[in-house]
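A.B. asks: model the structure of this input:
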Amino acid sequence: MRARRIKVVVAKPGLDGHDQGAKVVVRAMLEAGFEVRYTGLRQTPEQVRDAALEFGADVIALSSMAGAHLSFGQRLKPLLEDAGLDDKLWIFGGNIPAADHDALRALGFEGVFATGSRLDAITDFIEANVP
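C.D. replies: Here you go, the predicted structure:
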């Protein structure tokens, strides 16, 4: 058993206005025993970084349905690194084509979950990858 609950920040990057899936994932994370902060819609990379720092996040999870996942990830990576958050688990989920999975992993997003991923696959991945 863990000494404390895993803390997850879930954010919707950019102009993406579709958050029903993110809310379902947040609920699954809560049911798995994680402490979760959902930042809401239309977050900038700086807002994601700041939310992760303020919350003391173990996991930085992004949900994108709008197709800006690669450009957002490219902008977010140096901000997270400069803030000392490069040792945290970064994951991306949503409408992400299989062709982009490796590019996101190369940016440091260890977990990539396409639309339709099983909720327990996401929570199990987090459990297995957060010390």
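
A.B. asks: spatially central residue for the chain, please.
C.D. replies: Centroid-nearest residue in the chain: residue 61, 0.9 Å away (criterion: Cα atoms, centre = their mean).

A.B. asks: from the contact counts, what lies against the helix or strand hosting it?
C.D. replies: Under the criterion of DSSP states H and E, residue 61 resides in strand 59-64. The helices and strands touching strand 59-64, judged by 3 or more Cβ pairs under 8 Å, 6 or more residues apart in numbering; DSSP states H and E, are strand 7-11, helix 20-31, helix 45-55, helix 69-82, strand 89-94. The C-beta positions use only the backbone N, C-alpha and C, and glycine is treated the same way.

A.B. asks: any idea of the mean pLDDT in the last one?
C.D. replies: I take that to be strand 89-94. Per-residue pLDDT values over strand 89-94 give a mean of 97.

A.B. asks: over to the third one?
C.D. replies: When the per-residue pLDDT values of helix 45-55 are averaged, the result is 98.

A.B. asks: sketch out the low-pLDDT regions of the chain for me.
C.D. replies: 1 (pLDDT under 70).

A.B. asks: if we use 90, what do you get?
C.D. replies: Confidence mapping of the chain against pLDDT under 90 gives the ranges 1-4, 14-21, 65-68, 131.

A.B. asks: circling back: the strand holding residue 61 pairs with which strands, and in what direction?
C.D. replies: If you go by DSSP bridges, strand 59-64 pairs up with strand 7-11 (parallel), strand 89-94 (parallel).

A.B. asks: now that strand, how far from the centre of its chain.
C.D. replies: 2 Å (Cα atoms, centre = their mean, to the nearest Å).

A.B. asks: give me the neighbour count for residue 90.
C.D. replies: 24 (other Cβ atoms under 10 Å).

A.B. asks: burial measure for residue 48, as a count.
C.D. replies: Other residues close to residue 48 by other Cβ under 10 Å number 26.
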